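> Sequence and predicted structure are below.
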Amino acid sequence: MTDLSHTAPRARVSLFDADPRTRARNAAERRFRLYGMAAVSLGLIALVFLLVSILGNGLSSFRQTVIELPVTLDAAVLDKSGNRNPDEMKKVTTVGYGKLLDAALEATLAEKGIDTSALTAKQIAGLMSDEAPRYLRDKVLADPSLVGQTITVEAMASGRVDGFLKGRVTMESARLDSNISPEQLEVVQAMRDAGVLELSFNSRFFTNADASELRPEAAGLGVAMLGSLYMMVVVLVLSLPIGVATSIYLEELAPKNRWTDIIEVNISNLAAVPAIVYGILALALFINFLGLPQSAPIVGGLVLTLMTLPTIIIATRAALKAVPPSIRDAALGVGASKMQTIFHHVLPLAMPGILTGTILGLARALGESAPLLLIGMVAFVKDYPSAPPQGFFDPASALPVQVYQWTQRADPAFVERASGAIIVLLAFLITMNAVAIILRRRFERRW
Amino acid sequence: MSIGLLSLIVLGLAALGFVLGRQRALASAGGDARKLHSLPNYYGWMVALFTATPALLVMGVWLLAQPVLVDRSVQAMIGPGDVPQGSSLGLVMADVRRIAAGLDVLVAGGMGEDALENMRADLSDIRGRLGNVGVAVGDTVSPNVLEAAKTYRSATATGNLAMSAVVLALAVAGLLFAAFRITPELRARNIAERFVIVLLMASSTVAILTTLGIVMSLVFESWHFFQLYPAKDFFFSLTWNPQFRGGSSLGVWPLIWGTMYVSLVALIVAVPLGILSAIYLSEYASPRIRSLAKPALEILAGIPSIVYGLFALVTVGPLLRDYFAGPLGLGESSSSVMTAGLVMGIMLIPYVSSLSDDIINAVPQAMRDGSYGLGATPSETVKQVVLPAALPGIVGAILLAASRAIGETMIVVMGAGAAAKLSLNPFEAMTTVTVKIVSQLTGDTEFASPETLVAFALGLTLFVFTLGLNILALYIVRKYREQYE
């Protein structure tokens, strides 16, 4: 007899009733599952929050407050000799046009019956942007026959008036603000009710260059977009051939030896080097040693090329690897040389994968900003770079750097601009990624 | 001759070479391609490659070398007296370059070369005349600087002429050399293919050259820095206080502390979220949810860091200040370690989750089935079977995320602040290595003072840290990886 038979018989319980231990284990199971769900949802919520915050801040930058004014372009002021010759008319500076605009604004206010007794003439003029006369001048110089006529001008309102219509500037904030007074805002409100003032689509945001600290309403992305485009051209022209050539060599031709091992380790390490270190390299090598100009798209393009190369090489090698060996064997079997096999058969079949990888690499490069800070791209650039090839050496800005620059300024209107620029940047990135996905879906072959 | 025109001519010669080579080959075989060793096109390719490659190569090297050499020779002409107080040789050289460009414009505008030769800085108003053609020069031009500019201009012109001549001569020589070798027995295909292999090999060295460039530039400039500033103070001092008048203390520890603190906060956010997401997506989620949630999380990795920086600056920073730091009395700054760390953590979630996901998926199903067969619940299986098996890979993923966090720039520049201090309060503004690299190198790029050169030493520190982490991650993954099947 052993002790076993003396143990008390277990209570008879149904298998369908969970005992406490099972219940605890099942509860732990449910908790664990919940943690997982919570983690995924937290990540997604963060993404949504990020996008909503950027969109909420930035969408308003695509609309701009304008004041609609009938302006009489007085020939006695703008063209004294009466020849309508643009070269002679250039002598009239923006000050002359400004006076016309100021007079037109006062006349419109009087006509609509808006009480402006609380404001000085300077305060009334201050409702308009300092850039408004320049646009009028450009318009007249482009078409001298306008002189003498009365035309309707959409004069850009000043940054604070714009902020009032978008809810950024309030009566309370105006009291503390030396650039605008509550009385001015009341007039603005009246103008809005009278339909003189309205928010319209802001096409200048896409064409203007950067503007000074005091004129946020005139700041635009034109130079930054062109600079980014120039850099992407440089990146594409350099990194695609070099990347594809490197991949072909490593994947198809290179013997397995120490040297190719070193190259491979190098490439994977380069992919992990922080972006800012590439900036240091560009500063020391391209600018200090080779004497290339600062803030030039060529330097930015070169450093972004070096950063994009590992991405393109990795994608290209994957694409080459995906081409089945039977294709190579068949080509070699009918007498093609190694080179003919690669260039006539393998490379065309790998092309969709290579292009997809290249587009994704370019998208990465487009959003990169840290190395560009070090090569002087943060400089204030007011003029468009000229056409290529000289344009590659002219100072320019880039989209992400322009965002950074705007966030460094005091006026909150620039935060709106920066968020708007981010939206433009994200729109480009989404387009590029969509193209890559479509390419992959359309041309990908499963062997 | 402009570079664009020159390259076009070389390419044109190459095209001509192609046609010529093809024709010569066919002619030498009496019009019967079967008598040739290779297809006629290969003879054309051979000639084209011999024409274009050496010429373009020499042009590239020349373009890189010429400015350096011309600068050297012109610098010798400028005496110490020509450098104004508070300026430097580099700035004067920039002036020289600008004046030389202005002289070009003057000549293009109708001024004769003789008149230019006779132009004297002390007699005529150079500054005014340059201003008239749209070239702004800061100071009045001293005689030596004008002479230097003239020399610069003539040296550059001579150099460009010599380059055009040499490049064209090389192209023609290559063309003739290749074209006259053509006989029906010539193994043109083998030659052309060998040539292409050499080109492919050369482009694969770009990766090596990049690494070499990074290491050399970091090490050389750091070497300069340590000659001006004692290495002992850099590595062991606890204060960071650069003064542009000199007498700065440049201790690296406050920066390393800030970097580590921000990265730690980021990893505390990213690692649990990332690993739990990976577990949920690979073990629990239905295929539908997985196919939606996985790409959505990966969007986070595709968003540029400047976007996160703006998010930190505009949204997260003020939010933390108004709802946490302010009421708790921990600080009044919207840029803080917490701000940067939280936002960076969000950015790193996909880095941890996708790598972990791949690794968890690589654990064989048989191990899970075994565990279920013994009566374990799915969570027990994950905790006691899947995670231990996937651990080396997950540690590798975390280390890679840490290396990203240390090297991240824009988020900390916009979210962490600029004050270098050693503090434990996460709601205080602190600064990191990358922030200081940016702030020491933007604007003034005069490479003589320790205050600028310190950025290279910081860059070297950063490079060594991230490289070390990456190598460690690879080592762990390789060494402890379990090989199934």
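Looks like it came in fine.

> so where is chain B shaky, pLDDT-wise?
B:1, B:80-91, B:109-128, B:130-141, B:244-246, B:443-447, B:482-485 (pLDDT under 70).

> can you point me to the longest helix in it?
helix B:188-228 (DSSP state H).

> mind checking how far it is from the chain centre?
Helix B:188-228 sits 14 Å away from the centroid of its parent chain (Cα atoms, centre = their mean, to the nearest Å).

> List the buried residues for the following helix or strand past it?
The element immediately downstream of helix B:188-228 (helix or strand, assigned by DSSP states H and E) is helix B:231-236. Neighbour-count burial for helix B:231-236 flags B:Phe234 (criterion: 16 or more other Cβ atoms under 10 Å in any protein chain shown). C-beta: built from backbone N, CA, C; applies to glycine.

> list the contacts for the residue in the stretch 301-447 of chain A positioned nearest to chain B?
Here the stretch 301-447 of chain A gets closest to chain B at one residue, A:Gly367, 2.7 Å apart by Cβ to the nearest Cβ. When contacts are counted by Cβ atoms under 8 Å, 6 or more residues apart in numbering or on different chains, A:Gly367 touches A:400, A:425, A:429, B:303-307.

> run the last query once more with 10 Å
Contact partners of A:Gly367, counting by Cβ atoms under 10 Å, 6 or more residues apart in numbering or on different chains, are A:228, A:398-400, A:422, A:425-426, A:428-429, B:302-307, B:410.

> what's the burial count for residue 322?
Picked chain A for this. 14 (other Cβ atoms under 10 Å in any protein chain shown).

> look at chain B instead
B:Asp322, neighbours per other Cβ under 10 Å, totals 11.

> pretty sure B:Tyr160 contacts B:Pro67?
Not Tyr; residue B:160 is Asn. No: between B:Asn160 and B:Pro67 there is no contact under Cβ atoms under 10 Å: 11.2 Å.

> And for A:Ala194, nearest residue in space, chain neighbours not counted?
A:Lys112 (4.4 Å; Cβ to Cβ, 6 or more residues apart in numbering or on different chains).

> Give me the pLDDT value at the one you found.
For A:Lys112, the pLDDT comes out at 81.

> what residues does the stretch 51-200 of chain A put near chain B?
Proximity of the stretch 51-200 of chain A to chain B (Cβ under 10 Å from any Cβ of the partner chain) is limited to residues A:51-54, A:56-58.

> Give me the subset of those residues that lies in helices.
Applying DSSP H to those, the entries found in helices are A:51-54, A:56-58.

> do stretch B:368-386 and chain A meet?
Yes: counting by Cβ under 10 Å from any Cβ, chain A is contacted by stretch B:368-386 at B:375-380, B:382-383.

> Dump stretch B:449-462 to PDB, restricted to CA.
Extracted C-alpha coordinates of stretch B:449-462, given in PDB (Å, rounded to 0.1, in the frame of the first residue of the first chain):
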ATOM      1  CA  SER B 449      38.800  78.400 -33.800                       C
ATOM      2  CA  PRO B 450      38.300  75.500 -31.400                       C
ATOM      3  CA  GLU B 451      34.600  76.600 -31.100                       C
ATOM      4  CA  THR B 452      33.900  75.500 -34.700                       C
ATOM      5  CA  LEU B 453      36.400  72.600 -34.900                       C
ATOM      6  CA  VAL B 454      34.800  71.000 -31.800                       C
ATOM      7  CA  ALA B 455      31.900  70.100 -34.000                       C
ATOM      8  CA  PHE B 456      34.200  67.600 -35.800                       C
ATOM      9  CA  ALA B 457      35.300  66.000 -32.600                       C
ATOM     10  CA  LEU B 458      31.600  65.800 -31.600                       C
ATOM     11  CA  GLY B 459      30.900  64.200 -35.000                       C
ATOM     12  CA  LEU B 460      33.600  61.700 -34.500                       C
ATOM     13  CA  THR B 461      32.200  60.800 -31.100                       C
ATOM     14  CA  LEU B 462      28.800  60.400 -32.600                       C
END
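
> so where is the stretch 51-200 of chain A shaky, pLDDT-wise?
For the stretch 51-200 of chain A, no stretch is flagged by pLDDT under 70.

> Name the residue of it that lies nearest to chain B.
A:Ser53 (4.4 Å).
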